[in-house]
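Trainee: Need coordinates for the following:
(one chain, ligands or ions: 3)
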Amino acid sequence: MICNKKRHLGQRLASGIVLASAVALLSACDGGVEQPGSSSATAVSSAPVVSSSVAISSSAAPVVSSSSVIIPSSSSVASSSESGNVNTIILQENQAGFCAVDGTIDSNNMGFSGDGFANTDNAEGQSISWQVNAQTSGPATLEFRFANGGDPRSGDLSVNSGANGTQPVTLANTGGWTDWATESVTVDLVQGLNNIKVTATSDQGLANIDSLTVTGAGVSAGDCGGVASSSAMQSSSSASGSVGVGEPPAQCEAMGWATRKGRSSTPFNVTGGGNAQPIIVKSFADLSKYAGDGSPRVIYIDGTLGGGWSGRSGDRLIVKSNKTIIGMRPGTQLKAPIQIKDASNVIIKNIVIKGPGSSSDQAWDNIVIEGASKNIWVDHSEFWNGQDGNADVVKGADNVTFTWNIFGYTNNGGHNFSNLVASSDNEPQSVGKLNITLMFNHFRGVAQRQPRCRFGDIHVVNNLFTKDGMASDNGISAGKQCRVLVENNHFIGIKHPVHKRSGGKSELRGMNIFENTSGDTAGNGGPAFEPPYEYKSLLVPASQVKGLLQGKVGATLSSPSACE
Ligand code: GCU
Ligand code: CA
Ligand code: CA
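Mentor: Numbering: from 1, shown residues only. Ligands and ions are numbered 1, 2, ... in the order given. Predicted coordinates:
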């Protein structure tokens, strides 16, 4: 569930629950102080107690100013009676309106405009897609700027998957890969969103396409989200121009695989310690005591706790079921790795764990989720320089979501292998499990395992990968029986960003940006799987991931109740 303010507020008021609850929920979603009665995942039933048993008195309920109840308005599409003026837009790779290429965005052949051009893999069925919002239905001209140094490349041009027509296009030889020409066609657009796609019908793929220029009645770039209109349907989703495009709502609750039971679509509500009275801990001993006991706990970490570790000795935090553990301030450091073993319904937030630096020792991972663990949400945390891994999920664990985390290395330790999913091909307890969602994370300076997986259905969506001057061997790597859905990510400088490895599958969806990367970008081919949970309301185009994560990824939460 996502912190959708409009929906929650409406439900709460309609169901007659006192306004204070709605106020508390809103303030939690806005990053304010959470108040008694909130039902969000990190709910607080009353003022926190300090573990040394000094109670903090409850602060007054926040005053609701009208400005704190900002309900994003859904942008409305002009009515059909209003005839739009004809205008022209140019859609470029890496910008709004350009959705996906089965291949890469390249810049090696000169003469392009914008950042480069879309280069499909050279095979039949490879496609490039765009999205256009039209104010009224009617004809529009599409002009493709392209280069082709080979034989003519043919394709099928479809609008809204053929609902609004399909026609053949041929992109002739232009004289060379640096010689650019244009080809124009006329299509019928419907009012609202239109998905435009060219799919190669010859085995050489398409020509390289530099840009698509659209001329029509009130056309604007779509954001590649939402559902395309059909001629029978009114457009309901927003396109470009509306406030907040690329700004998903504050995420106060878990999303993704953590919110499901097993591999099914049956929902699970990740609450952690739920409504337990928060406990503020100021020592590692207290933290360990509460994190490892049998009661639901909401634990706030006050200060830098733990005495450090190396290899498999030193402090280690063992977390059991029904726990919410949150760093009280931005950058709250835990000098101990976390083990979540045979535990369910756990939320970890706003914590920084810095390992001793990578080595080939069989050392503790910065965080490991293993055994019969399930429904685990790790959010707004940082895992640096893990000695073995930064964040491994192994040995039968299931239903794990990582959002807004940094997985990073700052030295070339020779084992900068960040996120391992299953540690062996011989792990029978993991078959059908290890279902993991990774959304809005930043992988930094990781050489391998971003993630490297076996057995699981892994959704890697809206993440940023940067090399940070470190060695890069490969990125996402699907091994034995692993299926990875790679959607709208931005890879910068990574070698083999979607690594070809036998035994697994990786499907590219939406548009992934491969910037200054080398090697494999297509993985093992799909299809992977359909995520059974809602995430599209959070999804942004790959071109917005870098900006979105800036200042928001990692242990940046200003208070235990903040969501962003
Ligand atoms: C060349 C060219 C690519 C092009 C490819 C092709 O390698 O540099 O940009 O896409 O041929 O045949 O499609
Ligand atoms: Ca090509
Ligand atoms: Ca271009």
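Trainee: Can you find the residue of the stretch 351-500 of the chain that comes nearest to ligand 3?
Mentor: residue 490 (17.0 Å; CB to the ion). The C-beta positions use only the backbone N, C-alpha and C, and glycine is treated the same way.
Trainee: ok, that residue - how many residues close by?
Mentor: 26 (other CB atoms under 10 Å).
Trainee: now the one 4 residues further on
Mentor: By the criterion of other CB under 10 Å, residue 494 has 27 neighbours.
Trainee: re the thing from before, from what I see, the residue of the stretch 351-500 of the chain closest to ligand 3 and residue 515 are in contact.
Mentor: Yes - using CB atoms under 8 Å, residue 490 is in contact with residue 515, at 6.9 Å.
Trainee: list residues touching both of those two?
Mentor: By CB atoms under 8 Å, 6 or more residues apart in numbering, residue 490 and residue 515 have no common neighbours.
Trainee: ok, the residue of the stretch 351-500 of the chain closest to ligand 3 - contacts?
Mentor: 463, 464, 465, 512, 513, 515, 542, 543, 545, 546 are the contacts of residue 490 under CB under 8 Å, 6+ apart.
Trainee: do residue 272 as well
Mentor: So residue 272 contacts 41, 42, 296, 298, 322, 323, 324, 325, 345, 346, 347, 377 (CB under 8 Å, 6+ apart).
Trainee: ok, so of those residues, who is nearest ligand 2?
Mentor: Nearest to ligand 2 among the contacts of residue 272, with distances taken as CB to the ion, is residue 377, at 40.4 Å.
Trainee: give me the number of residues near that closest one?
Mentor: 27.
Trainee: give the contact list for it.
Mentor: Taking CB under 8 Å, 6+ apart as the test, what residue 377 contacts is 41, 254, 258, 270, 272, 346, 347, 348, 400, 401, 403.
Trainee: what about the nearest residue to it once chain neighbours are set aside, neighbour count?
Mentor: Leaving aside its sequence neighbours, residue 377 sits nearest to residue 254 (CB to CB, 6 or more residues apart in numbering; 4.0 Å). Under the neighbour criterion other CB under 10 Å, residue 254 is assigned a count of 28.
Trainee: ok, now residue 172?
Mentor: If we define neighbours as other CB under 10 Å, then residue 172 has 14 of them.
Trainee: Show the contacting residues for the residue nearest to it when sequence neighbours are not counted.
Mentor: Leaving aside its chain neighbours, residue 172 sits nearest to residue 152 (5.0 Å; criterion: CB to CB, 6+ apart). Residues counted as contacts of residue 152 (CB under 8 Å, 6+ apart) are 170, 171, 172, 173.
Trainee: and the closest residue to ligand 3 within the stretch 201-350 of the chain, which of the three is it?
Mentor: Ligand 3 sits closest to residue 210 of the stretch 201-350 of the chain, with a gap of 4.1 Å, by CB to the ion. What DSSP: H, G, I helix; E, B strand; the rest coil gives for residue 210 is strand.
Trainee: what's the neighbour count on it?
Mentor: 23.
Trainee: what does residue 168 give?
Mentor: Neighbours of residue 168 using other CB under 10 Å come to 10.
Trainee: From residue 561, how far off is it?
Mentor: 57 Å (CB to CB, to the nearest Å).
Trainee: do residue 131 as well
Mentor: In terms of CB to CB, residue 131 sits 37 Å off from residue 561.
Trainee: okay, which residue is most central for the protein?
Mentor: What sits nearest the mean C-alpha location of the chain, by CA atoms, centre = their mean, is residue 439, with 2.5 Å.
Trainee: right, and that residue touches residue 458 too?
Mentor: No - look at residue 439 against residue 458 with CB under 8 Å: they stay out of range, at 11.4 Å.
Trainee: Which of the contacts of residue 152 fall in strands?
Mentor: 170, 171 (DSSP state E).
Trainee: Name the member of the contacts of residue 152 that has the highest neighbour count.
Mentor: Going by other CB under 10 Å, residue 171 tops these with 23 neighbours.
Trainee: Once you drop chain neighbours, what's closest to that one?
Mentor: Using CB to CB, 6+ apart, the nearest residue to residue 171 is residue 207, at 3.8 Å.
Trainee: So what's the residue count around the one you found?
Mentor: The burial count for residue 207: 33, using other CB under 10 Å.
Trainee: That one: what's it in contact with?
Mentor: 146, 147, 148, 153, 171, 174.
Trainee: Just the pLDDT at it, thanks.
Mentor: The model reports residue 207 with a pLDDT of 98.
Trainee: now swap in residue 164 and tell me
Mentor: For residue 164, the model assigns a pLDDT of 74.
Trainee: if I look at it, how far off is ligand 1?
Mentor: Distance, residue 164 to ligand 1, by CB to the nearest ligand atom, to the nearest Å: 28 Å.
Trainee: So which residues of the stretch 251-400 of the chain form strands?
Mentor: 279-281, 297-301, 309-310, 313-314, 317-319, 323-327, 338-341, 344-349, 352-354, 367-370, 374-379, 382-384, 391-394, 398-403 (DSSP state E, counting those that start in this stretch).
Trainee: Pretty sure residue 259 sits against residue 403.
Mentor: No - counting by CB under 8 Å, residue 259 stays clear of residue 403, with 11.4 Å between them.
Trainee: how about the residues of this structure near ligand 1?
Mentor: Proximity of the chain to ligand 1, by CB under 6 Å from any ligand atom, involves residues 106, 109, 119, 122, 150, 177, 205, 208.
Trainee: quick one: the residue nearest to residue 531 when sequence neighbours are not counted from residue 99, how far?
Mentor: Distances taken as CB to CB, 6+ apart put residue 459 closest to residue 531, at 5.3 Å, once the chain neighbours are dropped. Residue 459 is 18 Å from residue 99, where distance means CB to CB.
Trainee: cool, and residue 391?
Mentor: Relative to residue 99, and taking CB to CB, residue 391 is found at 30 Å.
Trainee: the more surrounded of these two?
Mentor: Shown here are residue 391 and residue 99; by other CB under 10 Å, residue 391 has more neighbours (28 against 23).
Trainee: List the residues that contact that one.
Mentor: 365, 366, 367, 368, 369, 378, 383, 402, 405, 407, 418, 419.
Trainee: hey, what's it bridged with?
Mentor: According to DSSP bridges, the partner residues bridging residue 391 are residue 367.
Trainee: Ramachandran angles for residue 442?
Mentor: phi -120, psi 110 (degrees, to the nearest 10).
Trainee: That one and residue 408 touch, don't they?
Mentor: Yes - at 7.5 Å, residue 442 counts as touching residue 408 under the criterion of CB under 8 Å.
Trainee: Per-residue pLDDT of the residue lying closest to residue 341 once chain neighbours are set aside, please?
Mentor: Leaving aside its chain neighbours, residue 341 sits nearest to residue 371 (4.5 Å; criterion: CB to CB, 6+ apart). Predicted confidence (pLDDT) for residue 371: 98.
Trainee: now residue 342
Mentor: 98.
Trainee: in this structure, what residue is nearest ligand 1?
Mentor: Taking CB to the nearest ligand atom, ligand 1 has its nearest neighbour within the chain at residue 119, 4.1 Å off.
Trainee: How many residues are close by that residue?
Mentor: 25.
Trainee: before we move on, the earlier item: dump the residue contacts of the residue nearest to the centre of the chain.
Mentor: 255, 256, 401, 402, 403, 459, 461, 462, 463, 535, 538.
Trainee: just the residues you listed that are near ligand 3?
Mentor: Subset of the contacts of residue 439 in contact with ligand 3: empty, counting by CB under 5 Å from the ion.
Trainee: Can you tell me which of those is closest to residue 284?
Mentor: residue 402 (24.0 Å; CB to CB).
Trainee: Residue 559 contacts residue 328, correct?
Mentor: Yes - with contact defined as CB under 8 Å, residue 559 and residue 328 form a contacting pair (7.2 Å).
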